[in-house]
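Asks: have a look; sequence and predicted model below, questions after that.
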Amino acid sequence: MFMTGIRKRHIGCLVMQKKGRNKMFIREYQSADCKELTEIFYNTVHTVNAKDYTKAQLDVWATEQVDLEKWNQSLQEHFSIVAVDS
């Protein structure tokens, strides 16, 4: 993948753009991103994967009761980045 070997300090200036599309900026995760990321995760699991798993399996994998503090801690402890549409 294109992200391999990129140093942390260079993330803020990474820009991706395809012809006719908006720019995507890649930046380090910020605590303010946590709620939206957990919502994206939940919705992705429950829509994209819905045809391959039972509702019970999906509910275990991505529950509606999210511990934002734990998610935030984990995302801060790892090298976490987000793509932001400009």
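Replies: Ah, there it is.

Asks: hmm, Asn49 is touching Asp59, no?
Replies: No: assessed by CB atoms under 8 Å, Asn49 is found out of contact with Asp59, at 11.6 Å. Using the backbone N, CA and C atoms, a C-beta is placed for each residue, glycine as well.

Asks: report the buried residues of stretch 31-44.
Replies: By 16 or more other CB atoms under 10 Å, the buried positions in stretch 31-44 come out as Asp33, Cys34, Leu37, Thr38, Tyr42.

Asks: give me the element the second one is part of.
Replies: Cys34 is located in helix 34-48, with elements delineated by DSSP states H and E.

Asks: mind checking how far the next helix or strand after that helix is from the chain centre?
Replies: Downstream of helix 34-48, the next assigned helix or strand under DSSP H and E is helix 55-61. Centroid separation between helix 55-61 and its chain, computed with CA atoms, centre = their mean, to the nearest Å, is 20 Å.
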